[in-house]
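Student: Any chance you can model this:
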Amino acid sequence: MQLPIEIPVKSHVSKFLAEKFPRGFRLNKRTHLGIALFSMLRRENIDSQFDSFVAGYPCVFKVNVGEHSFFERGCRNVSSETAHQFNTLVQDLIEAEMFGIIEFLEMFGVEQKQAIEVFMAKYGFDETDVKFDALKKAYQRYWAKKNKAGKKRLKGVDFLPFLFTLQTVKALDSRYLQKKVAKMAA
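Tutor: From the prediction side, this is the model:
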């Protein structure tokens, strides 16, 4: 027997989850989302600082929890902190998927604006759910951070010429090789 648990979510999170799980979500430990949610539902969070955030979440995501998990494992604690953490987790998943889709489309010559519009259309997002400009700024921050990380120099790079010289000296350690190289140079 499955027992339904309702978790308050933002509208774009609800649309994303509805697209990913069209037949509903059953709590399990086989997916990343299931493992994280399993852990969240077992903790009793009584932190009321998230109540004001969660009060503004207009939608509800239904999770079917097995009877064993509900009663014996204690997967029944839905607090405002749990709802906030779940929304944050799913928003990170949304961003990761968005970045992947936009990069993929840009590889084939699609402009950034059109790629973001394709992503929004895929999940049925509109301006009331999440703003186009917010997605664009998030992608630009991601791209700037990715480019900055790619330009870092490794610590050993400055020593490469020195190490190459050392390797050459080691290779020429025998007198025979030294004489041979000296003849070739002359």
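
Student: From here on, just use CA atoms for contacts and neighbour counts.
Tutor: Will do.

Student: could you dump stretch 111-129 to CSV, C-alpha only?
Tutor: Once non-C-alpha atoms are left out, stretch 111-129 reads as follows in CSV (Å, rounded to 0.1, in the frame of the first residue of the first chain):
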residue,chain,number,x,y,z
GLU,A,111,21.8,31.2,-30.5
GLN,A,112,21.7,31.4,-26.8
LYS,A,113,18.3,33.2,-26.7
GLN,A,114,16.7,30.5,-28.9
ALA,A,115,18.3,27.7,-26.8
ILE,A,116,16.8,29.1,-23.6
GLU,A,117,13.4,29.4,-25.3
VAL,A,118,13.7,25.8,-26.4
PHE,A,119,14.4,24.8,-22.8
MET,A,120,11.5,26.8,-21.5
ALA,A,121,9.2,25.3,-24.0
LYS,A,122,10.3,21.7,-23.3
TYR,A,123,9.1,22.0,-19.7
GLY,A,124,6.3,24.5,-20.3
PHE,A,125,7.9,27.3,-18.3
ASP,A,126,6.5,30.8,-18.8
GLU,A,127,7.4,34.2,-17.5
THR,A,128,5.2,33.7,-14.4
ASP,A,129,7.1,30.6,-13.4
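
Student: next one: it to chain centre, how far?
Tutor: 18 Å (Cα atoms, centre = their mean, to the nearest Å).

Student: just stretch 4-14 next, same as before
Tutor: 19 Å.

Student: which residues sit against it?
Tutor: Here stretch 4-14 makes contact (Cα atoms under 8 Å, 6 or more residues apart in numbering) with 54, 56-65, 76, 78, 83, 87, 90-91, 125, 129-130.

Student: With stretch 106-124 instead?
Tutor: By Cα under 8 Å, 6+ apart, stretch 106-124 touches 15-16, 19, 98, 101-102, 105, 126, 132, 135-136.

Student: Quick one: buried ones out of those residues?
Tutor: With burial judged by 16 or more other Cα atoms under 10 Å, the buried subset of those is 15-16, 98, 101-102, 105, 132, 135-136.

Student: Mind splitting the protein into its structural domains?
Tutor: Domains of the chain are assigned by automatic domain parsing as 2-150, 155-185.

Student: what's the average pLDDT for the longest one?
Tutor: In this case it means domain 2-150. For domain 2-150, mean pLDDT is 86.

Student: biggest helix in this structure by residues?
Tutor: Across the chain, the longest stretch assigned as helix under DSSP state H is helix 80-107.

Student: For that helix, list every residue counted as buried.
Tutor: Within helix 80-107, the residues that count as buried by 16+ other Cα under 10 Å are 80-87, 90-91, 94, 98-99, 101-103, 105.

Student: Show me which residues of whichever helix or strand comes after it are buried.
Tutor: Counting by DSSP states H and E, the next helix or strand C-terminal to helix 80-107 is helix 112-123. The neighbour-count check on helix 112-123 (16+ other Cα under 10 Å) flags 112, 115-120, 123 as buried.
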